[in-house]
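Undergrad: test case, fold it:
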Amino acid sequence: MNANKVITIAGVRRSGKTHVMFQCMNILLKKGIKRDNIFYVDFENERLVGIRATDLDNLLIAHRELFNPNGIVYVFLDEIQVVENWEKWVRKIYDTGGYRLIITGSSSELLSREIATSLAGRNLTYVIYPFSFEEYVNARNMQVSKLTKYSIDKGTILKAVNEFLEFGSFPEVALTQDESRKLELLSSYFDAIFFKDIVRRYKVREVGELKVFLRIISSNYAAYFSSVKSFNYFQSLGMKISRVTVLKFLEYTQSVFLVSLLEQYQKSVRKRTTRQTKAYVIDIGVSRLFSDIDKGRSLENAVFLELMGRKRPLDSIAYLRLKSGKEVDFIVGGKTIELIQVSYDVSAPGTRPREISGLVEAATKLGLRKGTVITYDYEKKETVEGISIEYVPFWIWAVPSMH
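TA: Got it, this is the predicted structure:
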């Protein structure tokens, strides 16, 4: 808040961006900033529908007319992506030096190169995700400590893990006990993302086809995405749609943070972009609307989101496919390289050797000495062919204080 930068808070709808804004306002008030110097606008308010960047000056004029700000004014602009050419106005106001600007949006355009160019050196960007598992249990007033795995509280935590993997972690959904109410909330979120963030914003005419595509992509989480298979599925339904449109739909789902794509690990950027990608959903609860949850893929999706939430600016996340055909779910690069495999139940016949063989081969090839297998509730350490393998239950791995 003290940085003389435009603060950008981006993320999927209902993930808590507005709440973070109000937390910032409360911090300012506690620091002695007057209420008159704090200005908040929600651009999804019905009275502001159709507002343009050229109209935004009038908001600041009205604020000074109604209040008595003295010194720096903190301007909070919520869901600003609905205003065309907003970035030019933000830059103009920033350059006056009399304002601190904090903006939110449910579009990845807030992270795009175009925005970075127009606000070059002037912005700091943060992405808000639905609750991490640690935030999830904290919000529900659950205590997780190293003693948990030795007490009856472990059963309560495992129940929370099950709900986390089935209904996701949108804040309001996480704090709702009734399952029917959870699904109602998730359905309303999906409709808002569908109509407000995609159909209205991108002026989509193929509404029926888009709905089918969202069902396809939301159901096939933690799996390879194939535009050809999606195209063929539309053909089987008798829907006339081009592969170009399928790829546009994919771009839309990424732009509203509904889906993230994971590339294959390659040292060559060109090879990386031509390899097959895997798709993950921003919240497993959205997938719950269309199909039963596969706990194994749901756990992998949860690990992916956890890694994205922890990701630092210079870190990289990819999946690794070896020449032998074996795979490692995640290779995380930063100061050190980390190999992570996800296996819900390693006790299943043949599962453990298969998961381990990929890790061991990858670690040997990359000159690493260890690998991690994240499980539902299996914990053990072993050494295989000189490689240290640690099996860690998700609920322990996802709560840093447990390490």
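
Undergrad: residue boundaries of the strands in the stretch 151-300 of the chain?
TA: With DSSP state E, counting those that start in this stretch as the criterion, the stretch 151-300 of the chain has strands at 223-224, 259-262, 278-281.

Undergrad: now the second one: buried residues?
TA: This points to strand 259-262. Using 16 or more other CB atoms under 10 Å as the test for burial, strand 259-262 gives 259-260, 262. In this view, the C-beta of every residue, glycine as well, is placed from N, C-alpha and C.

Undergrad: re the thing from before, need the strands of the stretch 151-300 of the chain in TSV (columns: mean pLDDT).
TA: Converted to TSV, those look like this (pLDDT from 0 to 100):
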stretch	mean pLDDT
strand 223-224	96
strand 259-262	96
strand 278-281	97
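
Undergrad: nearest to residue 183, of those strands?
TA: Nearest to residue 183, of all the strands of the stretch 151-300 of the chain, is strand 278-281, at 15.8 Å by CB to CB.

Undergrad: what's the closest one packed up against?
TA: Here strand 278-281 touches helix 207-219, strand 223-224, strand 259-262, helix 295-310, going by 3 or more CB pairs under 8 Å, 6 or more residues apart in numbering; DSSP states H and E.

Undergrad: using CSV, list the CA coordinates for that strand.
TA: Provided in CSV are the C-alpha atoms of strand 278-281 (Å, rounded to 0.1, in the frame of the first residue of the first chain):
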residue,chain,number,x,y,z
LYS,A,278,-2.8,-30.2,-19.5
ALA,A,279,-5.9,-28.3,-18.3
TYR,A,280,-6.7,-27.5,-14.7
VAL,A,281,-9.8,-25.7,-13.3
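
Undergrad: so what's residue 59 closest to, chain neighbours aside?
TA: In space, and not counting its chain neighbours, residue 59 is closest to residue 41: 6.1 Å by CB to CB, 6 or more residues apart in numbering.

Undergrad: quick one: which helix or strand includes that neighbour?
TA: strand 38-42 (DSSP states H and E).

Undergrad: so what strands line up beside that strand?
TA: Partners of strand 38-42 in the sheet, by DSSP bridges, are strand 73-78 (parallel).

Undergrad: rewinding a little: save the helices and strands packed on strand 278-281 as TSV, and put in distance to residue 164 too.
TA: Formatted as TSV, these follow (distance: least, CB to CB, whole Å):
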stretch	distance to residue 164
helix 207-219	17
strand 223-224	20
strand 259-262	18
helix 295-310	7
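
Undergrad: what's the most buried one of those?
TA: The highest average neighbour count among the helices and strands packed on strand 278-281, using mean count of other CB atoms under 10 Å, belongs to helix 295-310 at a mean of 20.

Undergrad: check contacts around residue 4.
TA: residue 100 (CB atoms under 8 Å, 6 or more residues apart in numbering).

Undergrad: please read off the pLDDT at it from the model.
TA: With respect to pLDDT, residue 4 has a value of 87.

Undergrad: repeat that for the one 5 residues further on.
TA: Confidence at residue 9, expressed as pLDDT, is 94.

Undergrad: so it sits in a helix?
TA: No. Under DSSP: H, G, I helix; E, B strand; the rest coil, residue 9 falls outside any helix and is assigned strand.

Undergrad: how near is residue 399 to residue 281?
TA: Going from residue 399 to residue 281 by CB to CB, to the nearest Å gives 22 Å.

Undergrad: okay, those two: which has more neighbours?
TA: Per other CB atoms under 10 Å, whichever of residue 399 and residue 281 has more neighbours is residue 281, with 25 against 19.

Undergrad: which residue packs closest to the more buried one, ignoring adjacent ones?
TA: Closest residue to residue 281 in three dimensions, ignoring its sequence neighbours and counting by CB to CB, 6+ apart: residue 221, at 4.5 Å.

Undergrad: may I have the phi/psi pair for residue 373?
TA: With angles defined as degrees, to the nearest 10, residue 373 sits at phi -120, psi 120.

Undergrad: and the closest residue in space to residue 213 that isn't next to it in sequence, how many residues sit next to it?
TA: Of all residues not flanking residue 213 in the chain, residue 249 sits nearest, at 4.4 Å (CB to CB, 6+ apart). The tally of other residues near residue 249 (other CB under 10 Å) stands at 24.

Undergrad: can you pull the contacts of residue 249?
TA: Counting by CB under 8 Å, 6+ apart, residue 249 touches 209-210, 213-214, 217.
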